[in-house]
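Asks: Any chance you could fold what I've pasted below:
(2 chains)
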Amino acid sequence: MSAGADPLDDPRWEWVRAAARTPAPTPPGLVERVLRSVRGVRGTLLTEPLELEQDGGRLRVGERAVVVLARRRGAELAGEIGGVHVAAVALEPGGLDVLVTVRYGTPADEVAEALRRGLRDALVAEFGPVAPAVNVHITDVYGG
Amino acid sequence: MTDTADTAGAAGTGPAGTADATLVARAARGEAAAFDGLVRRHTPRMYRVALRITGTAAEAEDVVQEAWLSAWRGLADFRGESAVSTWLYRVVTNAALGHVRKRRPTVSLDAALLAGTGESGPLPGLGVLADPHANPEGQVVRAEQVDAVLRAIAELDVSQRVPLVLRELEELSYEEVAEVLEVSVPALRSRLHRARVALLAKLKERS
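Replies: As a prediction, the model looks like this:
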């Protein structure tokens, strides 16, 4: 390309146009995972606030606070553990559900358990005895 | 660019834009189902933008999730001065930029291992060849060219990468890209020209 020539006139620009025409398929389940995260932060009203009687009052922890903290800490932990990715977090009546994907070849049970334990510890450190149980669900495998 | 309902430039106009505006208004009044409708409608497009800016599927997923949480929080502040789609492009672009800038200046273990073996693999989103009418050999060549483009774009500085993605891959109009990036159209044109020159130089290195 000579100086000042328009890159759009270069034959290679057809490659860029081809890239524009190439679909980027949405990962299966992404929309549902997003909806789950949004509902978690929005609050589904499906779960009562976590409550604990304390000296001089009552501690109440709302669904949103739990989900936001769990989502943030979960992402940090996943980065530290490696081979696991937190896809969604939602507080359900049975505890905190954490949906993860694991990298192909990673010992899924080990990383899931490390994440579950780390997240539970973080929640206990933050909220004390009212911290919910943590359930990790492996939803997909990536890479490989 | 075929996997969303409304991907043309000026996406905020016409029946699709009206439907979006209605959904946003209902969501702002607290109708959860309306916001869910927006999520279903726009997530494919937002994922595509996030993927093109970050270059990795896992990061793009995170970006999309954060973008929607951000959109939900910002719903009350959305005044309708821009099209809903433009607003969402801005939200996802900002989320992607935040992710890219937060990256640690180190090579991930995955990347290091792949580099060590000489395996880089195709970038995500290349499962479908660009030209289904071409012969098999032509399809492979075209897929390699598309891969080269996406890799070259991923190597550009984000200040060039983002306008290229929005203009050349998403095919937004100059006015829409300028609105998303909150810059003037002349400033955008200038930045885009530099970005195109840089991209072409990288493509020449590869060919």
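Asks: For the rest of this, base every contact and every neighbour count on C-alpha atoms.
Replies: Will do.
Asks: so where does A:V141 fall, helix or strand?
Replies: Assigned by DSSP states H and E, A:V141 belongs to strand A:134-142.
Asks: count of residues packed around B:A95?
Replies: The number of residues packed around B:A95, counting by other C-alpha atoms under 10 Å in any protein chain shown, is 21.
Asks: other SSEs contacting whatever helix or strand it lives in?
Replies: Per DSSP H and E, B:A95 falls inside helix B:84-102. Counting contacts by 3 or more C-alpha pairs under 8 Å, 6 or more residues apart in numbering or on different chains; DSSP states H and E, helix B:84-102 packs against helix B:14-28, helix B:32-54, helix B:57-74, helix B:174-181.
Asks: how distant is it from the center of its chain?
Replies: Distance, stretch centre to chain centre, for helix B:84-102: 9 Å (C-alpha atoms, centre = their mean, to the nearest Å).
Asks: Buried residues of that helix, list them for me.
Replies: Residues B:84-97, B:99-100 are the ones in helix B:84-102 that count as buried (16 or more other C-alpha atoms under 10 Å in any protein chain shown).
Asks: Now do it and helix B:174-181, the angle between them.
Replies: Computed with axes from the mean of the first three to the mean of the last three C-alpha atoms, to 10 degrees, the direction of helix B:84-102 lies at 50 degrees from that of helix B:174-181.
Asks: what does stretch B:55-66 contact?
Replies: For stretch B:55-66, contacts defined as C-alpha atoms under 8 Å, 6 or more residues apart in numbering or on different chains pick out A:30, A:34, A:37, A:85, A:87, B:43, B:46-47, B:50-51, B:54, B:92, B:95-96, B:99, B:123-124, B:150, B:154.
Asks: how does it look with 6 Å?
Replies: With contacts defined as C-alpha atoms under 6 Å, 6 or more residues apart in numbering or on different chains, stretch B:55-66 is touched by A:34, B:47, B:50-51, B:95-96.
Asks: Pick out the lowest-pLDDT one from the residues you listed.
Replies: Lowest in pLDDT among those is A:V34, which has 89.
Asks: number of nearby residues for that one?
Replies: By the criterion of other C-alpha under 10 Å, A:V34 has 26 neighbours.
Asks: For the residue nearest the centre of chain B, give me the pLDDT.
Replies: Nearest to the mean C-alpha position of chain B, by C-alpha atoms, centre = their mean, lies B:V49 at 1.3 Å. Reported pLDDT at B:V49 in the predicted model: 97.
Asks: Okay, it and chain A: tell me how far apart.
Replies: Note on B:V49: its distance to chain A, by C-alpha to the nearest C-alpha, to the nearest Å, is 9 Å.
Asks: Contact partners for that residue?
Replies: Applying C-alpha under 6 Å, 6+ apart, no residues contact B:V49.
Asks: Can you tell me how far the closest residue to A:L69 other than its chain neighbours is from chain B?
Replies: Closest residue in space to A:L69, ignoring its immediate chain neighbours: A:L123 at 7.9 Å, by C-alpha to C-alpha, 6 or more residues apart in numbering or on different chains. Going from A:L123 to chain B by C-alpha to the nearest C-alpha gives 21 Å.
Asks: what angle separates the helix or strand harbouring A:L123 from strand A:134-142?
Replies: Element membership for A:L123 (DSSP H and E) is helix A:108-127. In terms of direction (the same axes, to 10 degrees), helix A:108-127 departs from strand A:134-142 by 140 degrees.
Asks: where does the chain have low pLDDT?
Replies: In the absence of a named chain, this looks at chain A. A:1-4, A:43-55, A:59-61, A:144 (pLDDT under 70).
Asks: I was after chain B.
Replies: B:1-13, B:104-136, B:138.
Asks: so what are the domain limits for it?
Replies: Domain segmentation of chain B under automatic domain parsing yields B:11-103, B:123-207.
Asks: Pick out the most distant pair among the buried residues of helix B:84-102.
Replies: B:V84 and B:V100 (24.2 Å; C-alpha to C-alpha).
Asks: Show me which residues of stretch B:42-61 are buried.
Replies: B:42-55, B:57-61.
Asks: All good on my end, thank you.
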